[in-house]
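Asks: Next comes the sequence, and after it the predicted model I'd like to discuss.
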Amino acid sequence: MAAAPDPIAHMLAHRSVRRYRPDPVPDHVLHRVLEAGVRASSSGNMQAYSIVVTRDRALRERLHAPHMGQDMVLDAPVLLTFCADFHRMRRWLALSDAEDGFDDFFAFMVAAIDAVLVSQNAALAAEAEGLGICYLGSTLANCDEIGRILELPKSVVPVAGFVMGTPAEDPPLRDRLPLDGLVHFETYHDPDDDAIRATYRERETAGWARYMAMPELRERVEAAGVRNLAQIYTTVKYTRAGYARYAENVLGYLRAQGFLEGN
């Protein structure tokens, strides 16, 4: 009898895949991934989320720009968008003559957490089926434009998404911060400066080497005159102005979608 697969080893082997073969994902495999996704934990078992499966090439071409021009949106055969969704439940409440209080920021947070839990279940299932995935931070950053393209009704907001397909690359494992810098036992223990430096020591070396190996990013780093990995994060990749713009997108879309009415 063959040994059962080790699920923890499977999780420890996760890599983000950005290059894909054009092979379609078989319907039965997609169905298994989605079934595994919806078995995720859910607040009150309300399942306040929806999953939009996008395989149509023309639609993915429209989504290419709001996903920041990442070509894997076009190259991977499947794009999954996980949405915080109280639209379905609020309609059910109305049909059932039940009180509706799901129009505020807390309701959005409950639904967003549900959607993210589902997305990670689906990601692990996809990898267990031999597929590759890569999460797209642009899903939340440009939720307003993505929501319009996907024709989302009120009370629905995209919060997470990933591309999925057969890998055309075998990327190495990325570094992770050490457990002793991430895990706190019993209560939070605020680290001193030496502990902070120790937590990021290997990341500073590995991360800098990785970015310097990318010609386009290296050119941006050199043009910005930054000297270390921390400065790459805040000067080149994730600027204050950029985060402020995305925050405006998200808050504006939450308001438009009816998630700030009860606040």
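Replies: Looks like it arrived, so ask away. Numbering: from 1, shown residues only.

Asks: OK, contacts around Val78?
Replies: With contacts defined as C-beta atoms under 8 Å, 6 or more residues apart in numbering, Val78 is in contact with Val25, Leu30, Val53, Thr54, Arg55, Val163, Met164, Gly165. (Each C-beta comes from the backbone N, C-alpha and C, glycine too.)

Asks: switch the cut-off to 6 Å
Replies: In this structure, Val78 makes contact with Val25, Arg55, Met164, judged by C-beta atoms under 6 Å, 6 or more residues apart in numbering.

Asks: Now restrict those residues to buried residues only.
Replies: Val25, Met164 (16 or more other C-beta atoms under 10 Å).

Asks: Format the contacts of Val78 as a markdown table; extra columns: secondary structure.
Replies: Rendered in a markdown table, the data for those read as follows (DSSP: H, G, I helix; E, B strand; the rest coil):
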| residue | secondary structure |
| --- | --- |
| Val25 | coil |
| Arg55 | coil |
| Met164 | strand |
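
Asks: quick one: which of the contacts of Val78 is nearest to Val118?
Replies: Taking C-beta to C-beta as the measure, Val118 sits nearest to Met164 out of the contacts of Val78, at 13.9 Å.

Asks: isn't the closest one right up against Ala126?
Replies: Yes - counting by C-beta atoms under 6 Å, Met164 does reach Ala126; the two are 5.2 Å apart.

Asks: which residues are in contact with both of these two?
Replies: Between them, Met164 and Ala126 share the neighbouring residues Ile133, with contact defined by C-beta under 6 Å, 6+ apart.

Asks: burial count for the nearest residue to Ser42 once chain neighbours are set aside?
Replies: With sequence-adjacent residues excluded and distances taken as C-beta to C-beta, 6 or more residues apart in numbering, Ser42 is closest to Asp114, at 5.1 Å. Other residues lying near Asp114 total 25 when counted by other C-beta atoms under 10 Å.
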